[in-house]
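J.: what shape does this take:
(chains A, B, C and D)
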Protein chains: 2
Amino acid sequence: MARTQGSHSNVTGPRVREVALRLFARHGFAAVSMRRIAEDVGVQAGALYLYTPDKQTLLFDLMKRHMDELLAMPRPDGMALEQLEAFCRRHIRFHLDRPDLVFIAYMELRNLTSKNFSIIKRLRRQYEDRLEAILKSGCDAGLLDTPDTKLTAMALIAMLTGVNTWYRDGGRLNRRTIEDIYWDMARRVVGA
Amino acid sequence: MARTQGSHSNVTGPRVREVALRLFARHGFAAVSMRRIAEDVGVQAGALYLYTPDKQTLLFDLMKRHMDELLAMPRPDGMALEQLEAFCRRHIRFHLDRPDLVFIAYMELRNLTSKNFSIIKRLRRQYEDRLEAILKSGCDAGLLDTPDTKLTAMALIAMLTGVNTWYRDGGRLNRRTIEDIYWDMARRVVGA
DNA sequence: TCTTGAATTGAACGCATGTTCATATAATCG
DNA sequence: CGATTATATGAACATGCGTTCAATTCAAGA
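T.: Down below sits the predicted model:
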């Protein structure tokens, strides 16, 4: 028997995850076969099932771990504006550091089992709520001015995450500059 | 022989397109089979090839037509700020009216042939350039204040298109209100 | 060295895929 | 009506899919 790695929360095995991540991001979950993953791992297809119960779990594990890591980021403290700045800057850094995971987490939601989907959806919602909480506290304190905290939170996240769609290493602007410009725009959105 | 519909720019046939659009948006291009499309059209799989040369063309046609329609929107005139307002409002309306097409146009880019991909990419770039041109003219005239017109254009498009990820009919806010709030945020971003 | 159990293979299962094509039906027109 | 053309069928093709499993190889401990 086998499956030494597959007992607890670590249900997939790091090498397989790493390969699956790259292939899913490049070609899409549905377009990547287990045989192709196996080939890139350097193993026969059957052996993958020592490291993951099935293909779906492979995808879910990638997303779940991504969201867990996102939510494990330190919660900013200080005044609302400082909190917001930290949130925005960390968001951009986190996302630029993990382009493939971010891509998958957006594109492959519909390939999740409905049970798995609602788990990821809840985690995503938690992240949005954190930003909204910052906005709310800032508005209550009169430090920020937003017409609708929920909409503003969604708009900011979309705007910040959007960096991933065009950023490429070695482009016209370095990460720090991009971060600065986006934070500047975010600050304007919240009227500060 | 057949293929009466398939000679010119209308290479797919409206009914097939309509069904394919819904299925691609719901399940993803790679996860939808020709047989499934045929079933929803009410026909056998083979008959689809009277209306489209292949599956890839079905996808490409949906995207191409979407981008053509997007670029066929009237170009706003007036002062830069008015132009920008018209652009933003029209963008939101256009995208909220076509959620499935917008979804596909974002999610299925990697399922395009590289040739088809570059065609769509160019059209998308044209749209971004239009917004950037408005921003540039506004900055030159001293009516707008943005740190970087290219980045601001990308940020605005991401922000505005983001509405599609959470908007549902019959939600808390109606479209007009959403449009107003987003335009307000967009105006702040450009410092006006 | 022999044993034991984990790691891996490779073939097999049943089914689905995009696409083609000879054949059949339906519609159009003289 | 008969002829012709458009529309559709349904079987077939070759290939690939996720997953299973008996058989094998490998790694370590006794």
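J.: so who does whatever residue of chain A ends up closest to DNA strand C touch?
T.: Closest to DNA strand C within chain A is A:Gly46: 2.3 Å, counting by Cβ to the nearest atom of the strand. Any C-beta I mention is one placed from the backbone N, CA and C, and that applies to glycine too. If you count contacts by Cβ atoms under 8 Å, 6 or more residues apart in numbering or on different chains, A:Gly46 has none.
J.: three-state assignment of it?
T.: Put simply, A:Gly46 is helix when judged by DSSP: H, G, I helix; E, B strand; the rest coil.
J.: show me what the top helix by length along chain A is packed up against.
T.: Longest helix of chain A, by residue count under DSSP state H: helix A:114-140. Helix A:114-140 sits against helix A:55-71, helix A:80-97, helix A:149-161, with contacts defined as 3 or more Cβ pairs under 8 Å, 6 or more residues apart in numbering or on different chains; DSSP states H and E.
J.: quick one: the closest residue to A:Val16 other than its chain neighbours from DNA strand D, how far?
T.: Closest residue to A:Val16 apart from its sequence neighbours, by Cβ to Cβ, 6 or more residues apart in numbering or on different chains: A:Tyr51 at 4.6 Å. A:Tyr51 sits at a distance of 11 Å from DNA strand D (criterion: Cβ to the nearest atom of the strand, to the nearest Å).
J.: so for A:Tyr51, what's the pLDDT?
T.: pLDDT recorded at A:Tyr51 is 92.
J.: before we move on, what about A:Thr4?
T.: pLDDT, A:Thr4: 41.
J.: and for A:Arg90?
T.: 98.
J.: A:Val11 too?
T.: Confidence score, pLDDT, at A:Val11: 71.
J.: what about it, distance to B:Phe24?
T.: According to Cβ to Cβ, to the nearest Å, A:Val11 stands 31 Å off from B:Phe24.
J.: who's more crowded, those two?
T.: Comparing A:Val11 with B:Phe24 by other Cβ atoms under 10 Å in any protein chain shown, the one with more neighbours is B:Phe24, at 26 against 18.
J.: for the helices and strands packed on helix A:114-140, which one ends up most surrounded?
T.: Compared across these, helix A:149-161 shows the largest average neighbour count, a mean of 23 (mean count of other Cβ atoms under 10 Å in any protein chain shown).
J.: list the buried residues for the following helix or strand past that one?
T.: Sequence order places helix A:163-166 as the next helix or strand after helix A:149-161, per DSSP states H and E. By neighbour count on 16 or more other Cβ atoms under 10 Å in any protein chain shown, the buried set for helix A:163-166 is A:163-164.
J.: if we can go back for a sec, switch the helices and strands packed on helix A:114-140 over to JSON lines; also include distance to A:Asp169.
T.: Converted to JSON lines, those look like this (distance: least, Cβ to Cβ, whole Å):
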{"stretch": "helix A:55-71", "distance to A:Asp169": "20"}
{"stretch": "helix A:80-97", "distance to A:Asp169": "9"}
{"stretch": "helix A:149-161", "distance to A:Asp169": "18"}
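J.: so which of those helices gets nearest DNA strand D?
T.: helix A:55-71 (3.7 Å).
J.: what about that closest one, average pLDDT?
T.: On average, helix A:55-71 scores 97.
J.: and A:Arg35, what does it touch?
T.: Residues near A:Arg35 by Cβ under 8 Å, 6+ apart: A:Ala45.
J.: any idea which element it lies in?
T.: Assessed by DSSP H and E, A:Arg35 sits inside helix A:34-41.
J.: next one: that helix to chain centre, how far?
T.: Offset of helix A:34-41 from its chain centre (Cα atoms, centre = their mean, to the nearest Å): 24 Å.
J.: swap in stretch A:43-58?
T.: 23 Å.
J.: do stretch A:54-71 as well
T.: Taking mean C-alpha positions (Cα atoms, centre = their mean), stretch A:54-71 and its chain are 10 Å apart.
J.: that stretch near DNA strand D anywhere?
T.: Yes: judged by Cβ under 7 Å from any atom of the strand, stretch A:54-71 comes into contact with DNA strand D at A:54-56.
J.: may I have that stretch as CSV, with CA atoms only?
T.: What follows is stretch A:54-71, C-alpha atoms only, in CSV (Å, rounded to 0.1, in the frame of the first residue of the first chain):
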residue,chain,number,x,y,z
ASP,A,54,-8.4,12.6,-8.0
LYS,A,55,-8.0,15.5,-10.4
GLN,A,56,-10.6,17.6,-8.8
THR,A,57,-8.8,17.5,-5.5
LEU,A,58,-5.7,18.6,-7.2
LEU,A,59,-7.4,21.8,-8.4
PHE,A,60,-9.2,22.3,-5.1
ASP,A,61,-6.1,22.0,-3.1
LEU,A,62,-4.3,24.6,-5.1
MET,A,63,-7.1,27.1,-4.6
LYS,A,64,-7.7,26.3,-1.0
ARG,A,65,-4.1,26.7,-0.1
HIS,A,66,-3.9,29.9,-2.1
MET,A,67,-6.9,31.4,-0.2
ASP,A,68,-5.6,30.2,3.1
GLU,A,69,-2.3,31.9,2.5
LEU,A,70,-4.0,35.0,1.4
LEU,A,71,-6.1,35.1,4.6
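J.: what's it in contact with?
T.: Contacts of stretch A:54-71 (Cβ under 8 Å, 6+ apart): A:11-12, A:16-17, A:20-21, A:24, A:29, A:34, A:37, A:52, A:94, A:98, A:101-102, A:104-105, A:108, A:111-113, A:116, A:119-120, A:123-124, A:126-127.
J.: what's around the nearest residue to A:Ile92 once chain neighbours are set aside, how many residues?
T.: Spatial nearest neighbour of A:Ile92, chain neighbours left out: A:Glu179 (5.2 Å); criterion: Cβ to Cβ, 6+ apart. Here the count is done by other Cβ under 10 Å, and A:Glu179 has 20 residues near it.
J.: A:Glu179 contacts A:His91, correct?
T.: No: using Cβ atoms under 8 Å, A:Glu179 is not in contact with A:His91, being 9.6 Å away.
J.: overlap in contacts of these two?
T.: Counting by Cβ under 8 Å, 6+ apart, nothing touches both A:Glu179 and A:His91.
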